[in-house]
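A.B. asks: here is my input, please return the structure:
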Amino acid sequence: MAQKLYIFDTTLRDGEQSPGCSMNLAEKLEMARQLDRLGVDILEAGFPIASHGDFEAVQAVAAEIRRPTIAALARANELDINRAGEALRGAARSRIHTFLATSDIHLQYKLHKTRAEVLQMISWAVGHAKSLCQDVEFSPEDAGRTDRSYLIECCHAAVEAGATVLNLPDTVGYCMEPEYEQMFRDVATRVPGMDKVILSTHTHDDLGMAVANTLAGIRGGARQVECTINGIGERAGNAALEEVVMAVYVRRDMLPVATDIHTEQLFASSELLTRLTGMTVQRNKAIVGRNAFAHEAGIHQDGILKNAITYEIITPHTVGMPSNYLVLGKHSGRHALAKRYEDLGYKLTKPELDRVYELFTQLADRKKNVYDEDLIGLVNEGFSDIPELFSLRLFQSISSSEGQATATVELEKNGEAFRDSGTAGGPCDAAFRAIDRITGVPGAILDFSVQTVGPAADGVAEVSLRAGFQGREFAGRCTNPSVVEAAARAYLQAANKAVYELKRAEDSRAAGTTSADKGELADRVSPSRR
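C.D. replies: Got it, this is the predicted structure:
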């Protein structure tokens, strides 16, 4: 009989550390709700000591999301662990996840500690966490490069102090499958008291081995896996949750484990994360990429038409992938639209449905066929976690072969219209400059991508971008038949976030309520690159 494999999702913690993937409180809550629908067992909500915002996010997720265990990360010191315990106070099920580097490389160059000192720190940290929370996970950071005998000592110290989960991270994506698998076997057989402890994987993709090593860890005895939606995370990212889950699902003949994940929610989870972070998924990405179930070669098409199993080991329906068939037209009503969104994994509130329906009718007037991918694209504008301070009323652009373009935009704020123009080398940049002139917060494009959504002949442009405003990054994403208008709307989305967040930060400073003013984070550092 298959054993339970616990899915530990760290999208909101390790995943959010990926450059450009930061989320505000409302966005973290929205993602947490989707992870709950997906069925993850443990949801790592953040690193409370990192910032006041991270503390608030963990606190809010712990208060609202009741089914999964909510975990918070903490370094092996009193301030971190106390802060994590405080953030988790309202959780129905909580876990403090504490960590300390154990490889000689980290001991010598980062910690400047001896092996004996680190062993004492592990015992104290796990014991202190246990006094605040019964469920304690310990991670020997850089376990993959830690001397094996010393790793056994570290794990033993953690188990004796009360750890319920031992996580063995391949922090820098260095391990190969056989050695990662053997590390789990060694810990399972050489550390006393392991019959009451769950072993966990945490792998990074620096060498493209994250998912393979996670599966190797399972073969070695791990019964918890740490992963993120779309594999986002530090450097090259973490093991992708959707890939691990579906590998276990498809190859249950080889892996004696099963998860409680609702696989039909995988695509919706991927799409939501993309919308919130602006981090697009490559088309040939396994499981959730737009080409994952596309077939162009004649031989493949022939086989699929005869029997899909010839070239598809997973059906699109299994992961909630839209079939891309025509589903709605300009005469469809709100009820039909809401039902189709529900089929795609989106439960819309009435205000959200009203907003998306307005965009849907506009799109249906401009293109003949509306596809599932179009509907998903509209969600990017239909949902909004930041108040729409400025809304686009009019957009016009003119470009020439001589390399100059002019764009005119009219924005509305609080019922008042503002119109301005910008000139630049291209129509998109001209539109951005015009928006800058109105909002008064100029930005710089850091990342810009365009994809076609839907069949090429009837597709629309999906623009995703990241822009920097006064040292902070904000994402925008929009789908529109016009590439330039999609770009302008996506940039305005990012600009709205910037105006809102910068004003909030200014108000906080004026009120003297920033975490720095309170002196709460005296030894604050960037989140661990575990």
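A.B. asks: let me see the contact set for the nearest residue to Thr171 once chain neighbours are set aside.
C.D. replies: The spatial neighbour of Thr171 that comes closest, neighbours along the chain excluded (Cβ to Cβ, 6 or more residues apart in numbering), is Asp142 at 4.5 Å. Every C-beta, even on glycine, is put in place using the N, C-alpha and C of the backbone. Neighbouring residues of Asp142 by Cβ atoms under 8 Å, 6 or more residues apart in numbering: 101-103, 105-106, 169, 171-172.
A.B. asks: ok, so of these, who is nearest Leu73?
C.D. replies: Among the contacts of Asp142, Pro169 lies closest to Leu73 (Cβ to Cβ), at 12.0 Å.
A.B. asks: okay, that closest one: pLDDT?
C.D. replies: Model confidence at Pro169, given as pLDDT, is 98.
A.B. asks: skipping its backbone neighbours, what lies nearest it in space?
C.D. replies: His202 (3.8 Å).
A.B. asks: what strand or helix carries the one you found?
C.D. replies: strand 198-203 (DSSP states H and E).
A.B. asks: ok now that strand, how far from the chain's centre?
C.D. replies: A distance of 19 Å separates the centroid of the chain from that of strand 198-203, by Cα atoms, centre = their mean, to the nearest Å.
A.B. asks: what of stretch 205-222?
C.D. replies: Mean-position distance between stretch 205-222 and its chain equals 20 Å (Cα atoms, centre = their mean).
A.B. asks: which intervals of the stretch 251-400 of the chain have sub-threshold pLDDT?
C.D. replies: Across the stretch 251-400 of the chain, the ranges flagged by pLDDT under 70 are 294-312, 323-331, 343-345, 368-369, 373, 380-387.
A.B. asks: now for the helix or strand hosting Leu411, which elements pack on it?
C.D. replies: Assigned by DSSP H and E, Leu411 belongs to strand 405-413. If contacts are counted by 3 or more Cβ pairs under 8 Å, 6 or more residues apart in numbering; DSSP states H and E, strand 405-413 sits against strand 391-399, strand 416-424, helix 427-439, helix 483-511.
A.B. asks: in the second one, what's buried?
C.D. replies: Buried residues in strand 416-424, defined by neighbour count with 16 or more other Cβ atoms under 10 Å: 420-422, 424.
A.B. asks: ok, and what's touching that strand?
C.D. replies: 390, 393-394, 404-412, 429-438.
A.B. asks: ok, Thr408 - contacts?
C.D. replies: 394-397, 419-421, 434.
A.B. asks: dump those residues to JSON lines, plus distance to Leu132.
C.D. replies: Compiled in JSON lines, the contacts of Thr408 are given as follows (distance: Cβ to Cβ, whole Å):
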{"residue": "Leu394", "distance to Leu132": "56"}
{"residue": "Phe395", "distance to Leu132": "54"}
{"residue": "Gln396", "distance to Leu132": "59"}
{"residue": "Ser397", "distance to Leu132": "58"}
{"residue": "Arg419", "distance to Leu132": "57"}
{"residue": "Asp420", "distance to Leu132": "55"}
{"residue": "Ser421", "distance to Leu132": "58"}
{"residue": "Ala434", "distance to Leu132": "53"}
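A.B. asks: just name the closest of the residues you listed to Glu56, please.
C.D. replies: Using Cβ to Cβ, the contacts of Thr408 come closest to Glu56 at Ala434, 35.3 Å.
A.B. asks: for the stretch 401-530 of the chain, which spans come out with low pLDDT?
C.D. replies: For the stretch 401-530 of the chain, the ranges with pLDDT under 70 are 454-458, 512-530.
A.B. asks: got the contact list for Val441?
C.D. replies: For Val441, the contacting residues are 469-470, 495, 498-499, 502, by Cβ under 8 Å, 6+ apart.
A.B. asks: which of those residues tops the neighbour count?
C.D. replies: Counting neighbours by other Cβ atoms under 10 Å, the top entry in the contacts of Val441 is Ala495, with 26 neighbours.
A.B. asks: just to check, that one is in contact with Thr439?
C.D. replies: Yes: when contacts are counted by Cβ atoms under 8 Å, Ala495 is listed as touching Thr439 (5.2 Å).
A.B. asks: who touches both of those two?
C.D. replies: With Cβ under 8 Å, 6+ apart as the test, Ala495 and Thr439 both reach Phe390.
A.B. asks: list the buried residues for the strand holding Leu411?
C.D. replies: Neighbour-count burial for strand 405-413 [16+ other Cβ under 10 Å]: 405-411.
A.B. asks: next one: stretch 350-368
C.D. replies: 352-353, 355-357, 359-360, 363-364.
A.B. asks: would you turn the residues you listed into TSV with distance to Arg75 and secondary structure?
C.D. replies: Shown next, in TSV, are the buried residues of stretch 350-368 (distance: Cβ to Cβ, whole Å; DSSP: H, G, I helix; E, B strand; the rest coil):
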residue	distance to Arg75	secondary structure
Glu352	39	helix
Leu353	44	helix
Arg355	42	helix
Val356	43	helix
Tyr357	48	helix
Leu359	45	helix
Phe360	48	helix
Leu363	49	helix
Ala364	53	helix
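A.B. asks: want to throw those into CSV with distance to Arg334?
C.D. replies: Listed next are the buried residues of stretch 350-368 as CSV, based on distance: Cβ to Cβ, whole Å:
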residue, distance to Arg334
Glu352, 11
Leu353, 6
Arg355, 11
Val356, 9
Tyr357, 5
Leu359, 13
Phe360, 9
Leu363, 15
Ala364, 13
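A.B. asks: and these, which is closest to Val159?
C.D. replies: The shortest approach to Val159 among those belongs to Glu352, at 47.2 Å (Cβ to Cβ).
A.B. asks: and the closest residue to Glu485 other than its chain neighbours, bridged to which residues?
C.D. replies: Once flanking residues are discounted, Glu485 sits nearest to Phe395: 5.4 Å by Cβ to Cβ, 6+ apart. Counting by DSSP bridges, Phe395 is bridged to Val409.
A.B. asks: now the residue of the chain positioned farthest from its centre: which helix or strand?
C.D. replies: Largest separation from the mean C-alpha position in the chain: Glu402, at 41.9 Å (Cα atoms, centre = their mean). If you go by DSSP H and E, Glu402 is not part of any helix or strand.
A.B. asks: cool, thanks, signing off.
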